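>>> Sequence below, structure please.
(one chain, ligands or ions: 2)
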Amino acid sequence: MASNSGIILGIESSCDETAAAVVRAGEQVLSNVVFSQIAIHQPYGGVVPELASREHLRAIVPVVRRALVDAGQSYQSIDAVAVTQGPGLAGALLVGISYAKALAFALDKPLIAVNHLEGHIHAVLLEERQHGNHLVNFPVIALVVSGGHTHLYLAEQRQETWSYRNVGRTRDDAAGEAFDKVAKLLGLGYPGGPIIDKLSKFGNPAAVKFASPQLKHPDRNDKSTEENGARFDFSYSGIKTAVLRYVETHNLQAEIETRRNHMGRINKPTIEDHRSACPQNILDLIASFQRTIVEDLIRKTLQACRNYNAATLFVTGGVAANNELRSRFELEARKEGIQVFFPSRSLSTDNAAMIAAAAYPKLITEDFATMDFSAEPGLILK
Ligand code: KG4
Ligand code: ZN
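Ligands and ions are numbered 1, 2, ... in the order given. Okay, the predicted model is just below:
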């Protein structure tokens with residue numbers, strides 16, 4: 001191994017967060033700095049890739065410097081530099097990768113390329129180790145549910161090496177994307193997930209009956225069903241269309257436009273601002289939408305757990321911060337005798353501590369990247 005202490009500087013820039021963190025031995029977070037670009041993308045109702053790259057360029061040097069200072073480390077005292085290779089926005093990824101390469105080269109330290117989705121999975125492992133729990137009961141199913149992904153993996157570990165088999169994914173929109181699009185559609189702002197999460201508790205989740213998300217036809221391009229057994233795919237573009245249809249048939253457009261303009265004039269709206277701008281029928285619609293998504297995620301994930309006889313379930317990624325999702329998963333998984341783990345909310349959404357944690361097994365096995373590796377926006381986890 002390259003070092004006895006395993007202090008890794010992680011860098012993450014795959015989407016709209018510029019993040020750097022220092023983690024010791026994959027289990028002790030020494031610092032975790034996240035610079036969010038939300039305020040920059042908010043007026044556009046979603047992430048604008050060109051703006052994201054520009055903001056990463058502005059933020060990367062101070063964010064890394066802050067992570068080192070907070071950790072009480074120097075550039076020289078770290079053992080390796082880890083960076084997100086993909087999946088994500090090409091231009092955004094390149095900022096982190098170029099900077100990580102330059103640092104590793106100048107400092108003569110190993111460079112480690114990390115898959116962002118593996119990072120989300122290791123956020124769970126990192127925190128369990130931090131709490132003194134080093135024992136993972138296999139088989140492990142991991143649900144990575146975020147703005148860009150809704151993926152189910154069967155995760156395996158052989159000595160220090162982790163491998164993953166995809167056993168489910170969304171055929172269209174990711175669950176977080178559905179939260180964001182529905183919030184935008186209802187004039188609530190961006191990102192939609194946290195707003196819908198907080199507003200849902202004021203609405204009646206049984207008020208609007210949405211059909212549970214259905215897959216229209218088997219994925220003909222996907223040969224993995226025959227090769228690797230059952231699949232548990234998701235689909236969330238239909239529910240977004242169902243919300244749109246509800247808005248049209250109930251003539252809610254004018255009311256939504258008024259809210260959109262009103263919210264646009266408030267700098268950093270609080271949840272009270274949102275709530276007072278929503279009549280009860282909108283709160284009911286929001287709660288019903290969230291309930292439908294949560295139930296579908298739980299039903300398919302638990303089907304996969306039963307199929308693979310999972311002892312442990314990890315639920316991670318931005319949507320794993322959702323309160324209803326967490327409490328319902330805890331309840332339903334317990335009924336089935338499956339242990340369920342989530343990262344804390346701050347490590348559910350994008351951060352660099354998870355990248356440094358996922359890099360630790362690669363530091364031990366000296367699985368280093370060469371200087372010519374590049375961003376892979378569609379990188380697959382395996
Ligand atoms: O993991 P993440 O930070 O970035 C990606 O890799 O995509 O996830 C961001 C996504 C966004 O779609 C956001 O709306 C959603 O996670 N999200 C939530 C919550 N917090 C963030 N969705 C539902 N409930 C939340 N509390
Ligand atoms: Zn993510």
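>>> which residue ranges form the strands in this structure?
Taking DSSP state E, the strands of the chain run over residues 7-12, 17-24, 28-36, 80-86, 111-115, 140-145, 150-158, 161-169, 312-316, 339-341.
>>> ok, the closest residue to ligand 2 within the stretch 101-250 of the chain - how many residues close by?
Across the stretch 101-250 of the chain, the shortest distance to ligand 2 (Cβ to the ion) belongs to Ser146, at 4.3 Å. The way it works is simple: take the backbone N, C-alpha and C, and place the C-beta from them, glycine included. Per other Cβ atoms under 10 Å, the neighbour tally for Ser146 reads 25.
>>> Which pLDDT value goes with it?
You'll see Ser146 listed with a pLDDT of 97.
>>> for the closest residue to it other than its chain neighbours, what are its contacts?
Leaving aside its sequence neighbours, Ser146 sits nearest to Gly317 (Cβ to Cβ, 6 or more residues apart in numbering; 3.5 Å). Gly317 makes contact with His120, Leu143, Val144, Val145, Ser146, His149, Gly176, Ser348 under the criterion Cβ atoms under 8 Å, 6 or more residues apart in numbering.
>>> so how far is Ile121 from the nearest residue to Leu51 once chain neighbours are set aside?
In space, and not counting its chain neighbours, Leu51 is closest to Ile40: 5.7 Å by Cβ to Cβ, 6+ apart. Separation of Ile40 from Ile121 (Cβ to Cβ, to the nearest Å) stands at 29 Å.
>>> same deal with Ile7?
Per Cβ to Cβ, Ile7 is found 21 Å from Ile121.
>>> same deal with Leu381?
8 Å.
>>> For those two, indicate the residue with more neighbours.
It is Ile121, of Leu381 and Ile121, that has more neighbours when counted by other Cβ under 10 Å, with 27 against 23.
>>> Which residue is the nearest non-sequential neighbour of the more buried one?
Ile121 sits nearest to Ala142 (Cβ to Cβ, 6+ apart), 4.9 Å away.
>>> Test my guess that that neighbour contacts Tyr153.
Yes. The criterion here is Cβ atoms under 8 Å, and Ala142 meets it with Tyr153 at 4.7 Å.
>>> Between these two, which contacts overlap?
Listed as contacting both Ala142 and Tyr153 by Cβ under 8 Å, 6+ apart are Ile121, Tyr164.
>>> With neighbour numbers in mind, choose between these two.
A direct count of neighbours by other Cβ under 10 Å for Ala142 and Tyr153 places Ala142 higher, at 29 against 25.
>>> For Thr150, list each beta-bridge partner.
Thr150 forms beta bridges with Val145, as assigned by DSSP bridges.
>>> Counting neighbours, what do you get for it?
By other Cβ under 10 Å, the residues close to Thr150 number 31.
>>> Which residue does the stretch 51-200 of the chain have closest to ligand 1?
Gly193 (2.2 Å; Cβ to the nearest ligand atom).
>>> Show the pLDDT at that residue.
You'll see Gly193 listed with a pLDDT of 97.
>>> check contacts around it.
Gly147, Gly176, Phe179, Asp180, Ala183, Gly318, Val319, Ala321, Asn322.
>>> Widest-spaced pair of those?
Ala183 and Ala321 (14.6 Å; Cβ to Cβ).
>>> so how far is Phe342 from the residue positioned nearest the centre of the chain?
The centroid of the chain falls nearest to Gly317 when counting by Cα atoms, centre = their mean (2.6 Å). Computed as Cβ to Cβ, the Gly317 to Phe342 distance reads 10 Å.
>>> for Ile8, same thing?
The gap separating Ile8 from Phe342 is 23 Å, by Cβ to Cβ.
>>> Could you check which of these two is surrounded by more residues?
Shown here are Ile8 and Phe342; by other Cβ under 10 Å, Ile8 has more neighbours (32 against 23).
>>> ok now do that one, which residues does it touch?
Residues in contact with Ile8 (Cβ under 8 Å, 6+ apart) are 22-24, 26, 78-82, 112, 356, 359-360, 363.
>>> What of Ala178?
Counting by Cβ under 8 Å, 6+ apart, Ala178 touches Tyr236, Ser237, Ile239, Lys240, Ile293.
>>> most surrounded residue in those residues?
Among these, the one with the most neighbours (other Cβ under 10 Å) is Ile293, at 27 neighbours.
>>> ok, of the contacts of Ile8, which come out buried?
Taking 16 or more other Cβ atoms under 10 Å as the criterion, what is buried in the contacts of Ile8 is 22-24, 26, 78-82, 112, 356, 359-360, 363.
>>> For these, give me JSON lines that also has distance to ligand 1 and pLDDT.
Converted to JSON lines, the buried ones among the contacts of Ile8 look like this (distance: Cβ to the nearest ligand atom, whole Å; pLDDT from 0 to 100):
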{"residue": "Val22", "distance to ligand 1": "20", "pLDDT": "98"}
{"residue": "Val23", "distance to ligand 1": "18", "pLDDT": "98"}
{"residue": "Arg24", "distance to ligand 1": "24", "pLDDT": "98"}
{"residue": "Gly26", "distance to ligand 1": "20", "pLDDT": "97"}
{"residue": "Ile78", "distance to ligand 1": "25", "pLDDT": "98"}
{"residue": "Asp79", "distance to ligand 1": "27", "pLDDT": "98"}
{"residue": "Ala80", "distance to ligand 1": "23", "pLDDT": "98"}
{"residue": "Val81", "distance to ligand 1": "21", "pLDDT": "98"}
{"residue": "Ala82", "distance to ligand 1": "17", "pLDDT": "99"}
{"residue": "Ile112", "distance to ligand 1": "19", "pLDDT": "98"}
{"residue": "Ala356", "distance to ligand 1": "16", "pLDDT": "98"}
{"residue": "Ala359", "distance to ligand 1": "17", "pLDDT": "98"}
{"residue": "Tyr360", "distance to ligand 1": "20", "pLDDT": "98"}
{"residue": "Leu363", "distance to ligand 1": "23", "pLDDT": "98"}
